[in-house]
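Student: 3D model of this:
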Amino acid sequence: MLQFIKGFNLLIFALFTVFYAYQLFYVLAALWHDRKKTPMPPAKRLHKYAAVISARNESTVIGELIHSIKKQNYPAELLDVFVVADNCTDNTAAVARRAGAIVFERFNRKEVGKGYALDYAFQRIEKDYAAAGYEGYFIFDADNLLDANYVAEMNKVFDSGCRVITSYRNSKNYDSNWISAGSALWFLREAKYLNNSRMILGTNCAVSGTGFLVASDVIRAHGGWKYHLLTEDIQFSIDCACEGERVGYCPTAVLYDEQPVTFEQSWNQRLRWSKGFYQVFAHYGRKLLGGIIKRRSFSCYDMLMTVAPAMLLTLASVAVNAFVLVSAMLSTPVAVGLMKVTLSSILSSFGGFYLTLLFFAVVTTITEWKRINTTAPKKILYTVTFPLFIFTYIPIAIVALFRKIEWKPIAHTINKSIEEI
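Tutor: Have a look, this model is predicted:
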């Protein structure tokens with residue numbers, strides 16, 4: 001039994017190292033690239049876009065988002081704003097109209113969620129506004145705010161040939177507490193050390209919830225927005241990888257969004273994400289594996305590692321060691337050697353997990369220091385608490401595995417303007 005548990009622990013360690021070591025290389029690639037920054041060349045042409053916003057009871061925040069779009073350093077005649085007031089029971093539609101958006105009101109209690117609302121918007125736009133000639137669609141959430149140069153910077157990457165582009169995701173409320181900071185730091189790390197590195201290395205980036213641009217012909221080719229799983233963003237990203245559609249990244253296009261501040265809100269949001277990742281893995285796992293084998297696609301491999309239930313593998317490892325530990329304690333005579341090995345493995349699993357997450361948090365905080373909107377002491381404190389925030393994914397991953405999850409809106413209440421940020 002002692003040899004078995006040693007071999008088992010070594011196997012789990014080897015699997016994680018082999019499968020995920022490339023993400024450390026991503027960090028090195030981004031840091032190396034920072035030494036020789038070269039600006040994106042100016043766009044040869046200014047393209048025409050529509051910003052599409054799905055909103056459900058977002059009257060508190062949607063006006064400021066539309067304001068930040070209307071204040072872009074980009075020709076106003078080349079940028080229209082559409083809002084889908086989706087199953088609203090407040091005055092979201094009226095607020096959006098007053099702010100200058102074209103508003104569609106949608107009421108459908110059977111097909112609920114952002115994916116269905118976006119599909120409805122695209123169908124309406126393609127039918128009623130085809131003459132406008134939109135070349136691309138920006139997709140935002142109602143709580144977002146845009147830097148004044150957001151559209152102009154995204155246009156540079158779009159003009160270079162990328163048909164799907166994601167952007168740099170910052171936060172409106174990093175300094176609210178350790179929960180909002182945990183989410184915000186995760187997205188900063190994702191932007192800087194995942195998508196940025198992918199763009200540098202020429203592989204596919206991943207759309208993360210909000211703040212991305214899709215060419216209109218991509219939407220038409222799919223007959224609208226066909227992504228209706230609980231995490232439609234990662235579903236879209238993986239579908240692009242499987243179909244060979246390049247997803248790019250624009251580090252100079254900065255978007256701010258609101259992070260949950262209560263544990264209940266954060267729990268519900270991440271529970272939906274976890275369940276959505278399981279759904280995507282079940283739907284696309286075999287297709288991604290096929291892309292790896294047949295096309296030797298690293299993008300497919302990267303996306304497979306993104307949605308693979310690695311947390312469950314970690315929990316299974318801890319569970320096996322815990323079972324052997326209890327068995328050793330109850331055996332006669334007590335198997336002291338076996339107890340030491342299993343207890344050491346359990347502690348090292350959590351310790352290694354904490355240190356790995358702390359490493360990513362420290363590197364991200366240092367390099368993004370000036371972009372994090374809070375005081376220096378809080379930046380340091382929330383770097384240390386970041387691994388603890390991620391640890392709370394453990395019960396979430398377990399619950400999501402067994403519970404039926406439905407899409408529920410997250411309330412947004414931080415009514416900041418882009419000028420305040």
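Student: Residue 237: what's it in contact with?
Tutor: By C-beta atoms under 8 Å, 6 or more residues apart in numbering, residue 237 lies in contact with 204, 205, 206, 207, 247, 303. For glycine as for every other residue, the C-beta is placed from the backbone atoms N, C-alpha and C.
Student: Check residue 252 too.
Tutor: By C-beta under 8 Å, 6+ apart, the neighbours of residue 252 are 40, 149, 153, 168.
Student: Now do the second one against residue 348, distance only.
Tutor: In this view, residue 149 and residue 348 are 46 Å apart by C-beta to C-beta, to the nearest Å.
Student: The third one too?
Tutor: In this structure, residue 153 and residue 348 are 44 Å apart, going by C-beta to C-beta.
Student: So which of those two has more stuff around it?
Tutor: Per other C-beta atoms under 10 Å, whichever of residue 153 and residue 348 has more neighbours is residue 153, with 22 against 13.
Student: hang on, the more buried one packs against residue 253?
Tutor: Yes. Counting by C-beta atoms under 8 Å, residue 153 does reach residue 253; the two are 4.2 Å apart.
Student: next one: the lowest-mean-pLDDT helix or strand in the chain to chain centre, how far?
Tutor: One helix or strand of the chain scores below all others by mean pLDDT, DSSP states H and E: helix 310-330, with a mean of 72. Centre-to-centre, helix 310-330 and its host chain are 30 Å apart (C-alpha atoms, centre = their mean, to the nearest Å).
Student: got it, and stretch 349-369?
Tutor: With C-alpha atoms, centre = their mean, you get 18 Å for stretch 349-369.
Student: What strand or helix carries residue 405?
Tutor: Of the helices and strands defined by DSSP states H and E, none includes residue 405.
Student: Excluding covalently adjacent residues, which one is nearest to it?
Tutor: The shortest distance from residue 405 to any non-neighbouring residue, by C-beta to C-beta, 6 or more residues apart in numbering, is to residue 275 (4.1 Å).
Student: Let's see the pLDDT reported for that neighbour.
Tutor: Residue 275 carries a pLDDT value of 94.
Student: didn't it look like it was pressed against residue 402?
Tutor: No. Using C-beta under 8 Å, residue 275 is not in contact with residue 402, being 9.9 Å away.
Student: which one of the two has more residues nearby?
Tutor: Each of residue 275 and residue 402 has its neighbours counted (other C-beta under 10 Å); residue 275 has more, 24 against 7.
Student: which helices and strands sit right next to whichever helix or strand the more buried one is part of?
Tutor: Secondary structure from DSSP H and E places residue 275 in helix 263-294. Secondary-structure packing of helix 263-294 (3 or more C-beta pairs under 8 Å, 6 or more residues apart in numbering; DSSP states H and E): helix 178-190, helix 232-243, helix 298-307, helix 393-402.
Student: Report the buried residues of stretch 52-71.
Tutor: Neighbour-count burial for stretch 52-71, counted by 16 or more other C-beta atoms under 10 Å, picks out 52-69.
Student: do stretch 259-275 as well
Tutor: For stretch 259-275, a neighbour-count test (16+ other C-beta under 10 Å) marks 259-261, 265-275 as buried.
Student: Nearest to residue 81, out of the residues you listed: which one, please.
Tutor: Nearest to residue 81 among the buried residues of stretch 259-275: residue 259, at 23.8 Å, using C-beta to C-beta.
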